[in-house]
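Student: Quick one, structure for this:
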Amino acid sequence: MEISSQEKLAENKTDKMIMKKFKKGVLAIGVLAAAAVIAAGCGKKDAKTTNETKKESAAESAVTEKKKLTYAKGTGPYTELFEQHVMPILEKQGYTFEATELTLQYADEAIADGDVDFSVEQHIAYMDAFNKNYNSNLVALTPIPTVPASIFSETHSSLDEVADGMKVAVPQDEGNMARAFVMLQDIGWIKLKEGTDYATASSEDVAENPYNLEFLDVSTSIIATTLSDYDYGIITGSIVYNAGIDPSTALFSENLSENFWLQVVVKDEDKDTQWAKDIVAAYQSDEFTDWLKANNESEYKNLWAIPEY
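Tutor: Model (predicted):
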């Protein structure tokens, strides 16, 4: 059947309207789909940002609110003093502690590796030597009560008995050896070269040795038990304490310089943490220092040199 011109015109008009509506529908669907994709992407981004923020906040919170601390436990009096009289101050602030028994070298390695948080068993000279030898970044926070190194003898009752060619035992480790040679200069037995760094002094820095003394490098831990083998021996404070030596029998005790006060030691990145600041505050508190000053003579026979803060 033949279609009239008017019918064709109407049919074309209808087709155009249908196509126009179809295109609008497709466009609308495309817009909605795009919006959905963008919204989903934004949702993922927002969720990711939120999660990252939460993680960062948690990390910051863990650092600022850290209350469980680990420390290197030594065999000397310094850890004992910390545990008995400084730790309780910090425990009242909510801190808890875990000790790991370590020799001094391994203690420093553990601090550097983050296995323990701090130690209270070394002076700056020893710490600096460790940092130099192991390319580390330990830092000292505050001087703490220290037992001075002293000169002892089992065969002589006075420094005045020094004579030509006598044997003097000095600690073998670099930091404490330096203490020994500074002490020997202080008592007038030697003279160090001009410009000597007192934190690293050794026999190589001796400019004058009028008594021709023989210096024997001996392990710090055994000088006390082999003292009779030498005319004089220089014994560090922790060994004096551990060996049960009466500090009043010392013939001379060192004048502590900045390098030889014992210190609270941490790694550099921890020095500004709240827990580090709280340890410093506990050592410097009136509660602790007043107690030690009141009991140093009666309980410790004036063993401790106490820093002024």
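Student: List the contacts of the spatially most central residue of the chain.
Tutor: Geometric centre of the chain, nearest residue: residue 266, 1.1 Å, by Cα atoms, centre = their mean. Contact partners of residue 266, counting by Cβ atoms under 8 Å, 6 or more residues apart in numbering, are 111, 117, 118, 138, 139, 141, 276. In short, each C-beta sits where N, CA and C put it, glycine included.
Student: For it, list each beta-bridge partner.
Tutor: residue 139 (DSSP bridges).
Student: just so I have it, where are all the strands in the stretch 1-150 of the chain?
Tutor: Taking DSSP state E, counting those that start in this stretch to define them, one finds strands in the stretch 1-150 of the chain at 68-73, 96-101, 119-123, 138-143, 150-152.
Student: Just the angle for the third one relative to strand 138-143, thanks.
Tutor: Which is strand 119-123. Strand 119-123 and strand 138-143 are oriented at 90 degrees to each other (axes from the mean of the first three to the mean of the last three Cα atoms, to 10 degrees).
Student: what's strand 119-123 packed up against?
Tutor: For strand 119-123, the contact count by 3 or more Cβ pairs under 8 Å, 6 or more residues apart in numbering; DSSP states H and E identifies strand 68-73, helix 77-81, helix 104-113, strand 262-267 as packing neighbours.
Student: Show the average pLDDT along stretch 264-272.
Tutor: Stretch 264-272 shows a mean pLDDT of 98.
Student: Alpha carbons of that stretch, as CSV, please.
Tutor: Taking C-alpha atoms only, stretch 264-272 is exported to CSV below (Å, rounded to 0.1, in the frame of the first residue of the first chain):
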residue,chain,number,x,y,z
VAL,A,264,71.1,9.5,80.7
VAL,A,265,71.7,8.4,77.1
VAL,A,266,69.2,7.9,74.2
LYS,A,267,69.4,8.0,70.5
ASP,A,268,69.2,11.4,68.9
GLU,A,269,65.6,11.0,67.5
ASP,A,270,64.3,10.3,71.0
LYS,A,271,65.9,13.3,72.8
ASP,A,272,62.8,15.5,72.5
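Student: Name the residues of it that come out as buried.
Tutor: For stretch 264-272, a neighbour-count test (16 or more other Cβ atoms under 10 Å) marks 264, 265, 266, 267, 270, 271 as buried.
Student: Many thanks, have a good one.
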